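Participant: sequence-free structure coming up:
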């Protein structure tokens, strides 16, 4: 892979990934890294052209764990502040660059999105999802 710089576009990175040798992807890795580092993340975006790895932990459960870490007790917050905290929940976008199985989303969780295929329109979908517009 070429070096990623501030000038590198997401489309360039995705195009480079498509050219890579196939293997497996553990889409929980960015979430487990954020948990280990104590990082708050709004949206995790996983781009892959590989089949999903048999996870030691479910991506859905790992994301739920990330959402729970560091949240203040609801009893300590006013209803308005609690709504603001809940609106900041982490989301996961799983974007398969090829047609291999990539589905990880729990259909009941509005914070999970599966995308199969990638072009400039996918960026608009991801942006709208991240802004909670869709």
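Facilitator: Noted; the coordinates are in hand. All of these numbers come straight from a predicted model, not from anything done at the bench.
Participant: distance of residue 38 relative to residue 29?
Facilitator: 16 Å (C-beta to C-beta, to the nearest Å). The way it works is simple: take the backbone N, C-alpha and C, and place the C-beta from them, glycine included.
Participant: more neighbours: which of those two?
Facilitator: More crowded of residue 38 and residue 29, by other C-beta atoms under 10 Å: residue 29, with 15 against 8.
Participant: give me the below-cutoff pLDDT ranges for this structure.
Facilitator: 1-2, 17-18, 20-23, 50-56, 70-88, 99-105 (pLDDT under 70).
Participant: which parts of it are helices?
Facilitator: 10-19, 29-37, 59-68, 79-87, 120-130 (DSSP state H).
Participant: what's the closest of the ones you listed to residue 106?
Facilitator: helix 59-68 (4.7 Å; C-beta to C-beta).
Participant: what's the closest one in contact with?
Facilitator: 27-28, 31-32, 34-35, 41, 44, 89-92, 94, 104-106, 109, 111-112 (C-beta atoms under 8 Å, 6 or more residues apart in numbering).
Participant: one more time with 6 Å
Facilitator: Contacts of helix 59-68 with the rest of the structure, by C-beta atoms under 6 Å, 6 or more residues apart in numbering, involve 27, 28, 31, 34, 35, 89, 90, 92, 104, 106.
Participant: would you turn those residues into a markdown table with distance to residue 19 and neighbour count?
Facilitator: Shown next, in a markdown table, are the contacts of helix 59-68 (distance: C-beta to C-beta, whole Å; neighbours: other C-beta atoms under 10 Å):
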| residue | distance to residue 19 | neighbour count |
| --- | --- | --- |
| 27 | 20 | 24 |
| 28 | 25 | 26 |
| 31 | 26 | 25 |
| 34 | 28 | 18 |
| 35 | 31 | 16 |
| 89 | 34 | 17 |
| 90 | 30 | 17 |
| 92 | 25 | 26 |
| 104 | 24 | 20 |
| 106 | 31 | 15 |
